[in-house]
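Colleague: Pasting the sequence and the predicted model now:
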Amino acid sequence: MLRRLFGKEKTRDDKLTEAIRVITGLLDNQASFAQMQNLSMKDEQGNLKRKALGYVYGYIDCALRAWGLDMKDMDVGPPVTFHVLRRLWPEHHAEYMDFLAKNISHDPILAVGVLNGGQQFLDYVVHEKVPNGIPMGLVLYMLDGD
């Protein structure tokens, strides 16, 4: 009500832009730490670490759900995922997005990462089970691989 009186109500695009900013900020802590440790999203053979990528997808999915948005909505899920990946890994975002599009529905290793990414978002952000803690699932999956 007050927003209507004193400022314009946020549009769907405003909400998506804010979601991208917040999700990227939360995941950037982990990605930056991984980068400092010289960890990569690929293993020694050049294969994508699917659990790590699944973790990011699950984290995004759970965040969107927490804000009443749906990853399955083609106007929400793909653009948010694309922009989060673009901000975290600008030189590889298209490759990661393509991999997700081709494999998210049937890859059990991706699914493990998805479940853990979503759970860590819930634990650390929604339920604050570890106040001042930073989830480290992405780092662990980048360290251990698949």
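Modeller: That came through fine.

Colleague: buried residues in the longest helix anywhere in the chain?
Modeller: Longest helix in the chain, counting residues (DSSP state H): helix 12-36. Using 16 or more other CB atoms under 10 Å as the burial criterion, the residues of helix 12-36 that qualify are 16, 19-20, 23-24, 26-27, 30-31, 34. Every C-beta, even on glycine, is put in place using the N, C-alpha and C of the backbone.

Colleague: same thing with stretch 123-134?
Modeller: Of all the residues in stretch 123-134, those buried under the rule 16+ other CB under 10 Å are 124-125.

Colleague: Show me what secondary structure element comes after the longest helix of the chain.
Modeller: helix 50-66 (DSSP states H and E).

Colleague: For that following helix, what is the distance to the chain centroid?
Modeller: Counting by CA atoms, centre = their mean, to the nearest Å, helix 50-66 is centred 4 Å from the centre of its parent chain.

Colleague: That one vs helix 12-36, what angle?
Modeller: On the basis of axes from the mean of the first three to the mean of the last three CA atoms, to 10 degrees, helix 50-66 is oriented at 150 degrees to helix 12-36.

Colleague: Could you pull up the mean pLDDT of helix 50-66?
Modeller: What helix 50-66 shows for mean pLDDT is 96.

Colleague: and that helix, which residues are buried?
Modeller: By neighbour count on 16+ other CB under 10 Å, the buried set for helix 50-66 is 50-64.

Colleague: Quick check: next helix or strand after that helix?
Modeller: Once the chain leaves helix 50-66, the next helix or strand it forms, by DSSP H and E, is helix 77-88.

Colleague: pLDDT averaged over that following helix, what's the number?
Modeller: pLDDT averaged over helix 77-88 gives 96.
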